[in-house]
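*Asks:* Generate coordinates for the sequence data below:
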Amino acid sequence: MDLTMAFQPIVDVSDGSVFAYEALVRGLDGSGAGAVISQVTEENRFAFDQLCRRRAVEHAARLGVESKVSINFMPNAVYQPALCLGTTLAAARRHDFPIERIMFEVTEGERIEDRPHLKAILTEYKRQGFITAIDDFGAGHSGLNLLAEFQPDVIKLDMELVQGIATDQVRQAIVTAMVRLAGELGVALIAEGVETQAEFSVLKGAGVTLMQGYLFARPGFETLPAVDFDFTTPAGRADA
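*Replies:* Down below sits the predicted model:
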């Protein structure tokens, strides 16, 4: 299996800067993440996870990413965290990419077979100097329990909480509470899946300053897409 990456910006709406670019797996023909991940089996899961890390760092360095680069990883593919990081560290050294600008995301929606093992993974990643993030927070069943055991550097709110927030007082209350909780824990909060100006306005009003979504930019296939802050012509939808 071979693969490449698309990149989607995570923007800081307080100053119009790019906080990070998330590396999203793609087929060499441009096929989406679903088509690539469908080829992952128990036998090739580890090799796939390691290849994704290498490709993300290689492309980020080639494209001249000066912000952070966010890499998704499969916790069930990681056996010994320190050893598994060898691939990432080697790629970062080879391409002269600072490890303190690499953010590892684990999706809270993925079935976690061994939560203590996940905590050990994230703790080791943090110890090595990487940024840690919980993706899709609120999509799974263990989010608050995981957060109680390990405080990552970043929490990414699941898009199901974000989309429709402009007209949903319950979602607004949850996000407002998460902003307060993140502030008390010293964790950065990212709202993902932002697609409309109304969602943007409510999120910003609630105190969210880091956002990601098609309102700002579609993923760029092997490129860094321009960020669109002109909401009169919002960027179109695309498969993540």
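
*Asks:* The helix or strand of the chain with the lowest mean pLDDT - contacts with which helices or strands?
*Replies:* Every helix and strand of the chain was ranked by mean pLDDT, DSSP states H and E. The lowest is helix 143-149, at a mean of 81. When contacts are defined as 3 or more CB pairs under 8 Å, 6 or more residues apart in numbering; DSSP states H and E, helix 143-149 packs onto helix 115-127, strand 131-137. Backbone N, C-alpha and C define where each C-beta goes, glycine included.

*Asks:* Outside of the shortest one itself, list whatever touches it.
*Replies:* Surrounding strand 131-137, the residues in contact under the criterion CB atoms under 8 Å, 6 or more residues apart in numbering are 68, 70, 72, 100-109, 122, 125-126, 143, 146-147, 152-159, 178, 190, 192.

*Asks:* Secondary structure class of residue 54, three-state.
*Replies:* helix (DSSP: H, G, I helix; E, B strand; the rest coil).

*Asks:* Give the phi and psi angles for residue 87, as a check.
*Replies:* Main-chain torsions, residue 87, degrees, to the nearest 10: phi -60, psi -50.

*Asks:* doesn't residue 54 make contact with it?
*Replies:* Yes: counting by CB atoms under 8 Å, residue 87 touches residue 54, with 6.0 Å between them.

*Asks:* Tell me where the model's unsure across this structure.
*Replies:* By pLDDT under 70, the low-scoring segments of the chain are 108-114, 139-142, 231-240.

*Asks:* show me where it has helices.
*Replies:* 33-37, 45-62, 81-94, 115-127, 143-149, 159-162, 169-185, 197-206 (DSSP state H).

*Asks:* Just say which of those is most tucked in.
*Replies:* With neighbours taken as mean count of other CB atoms under 10 Å, these reach their highest mean count in helix 159-162, at a mean of 21.
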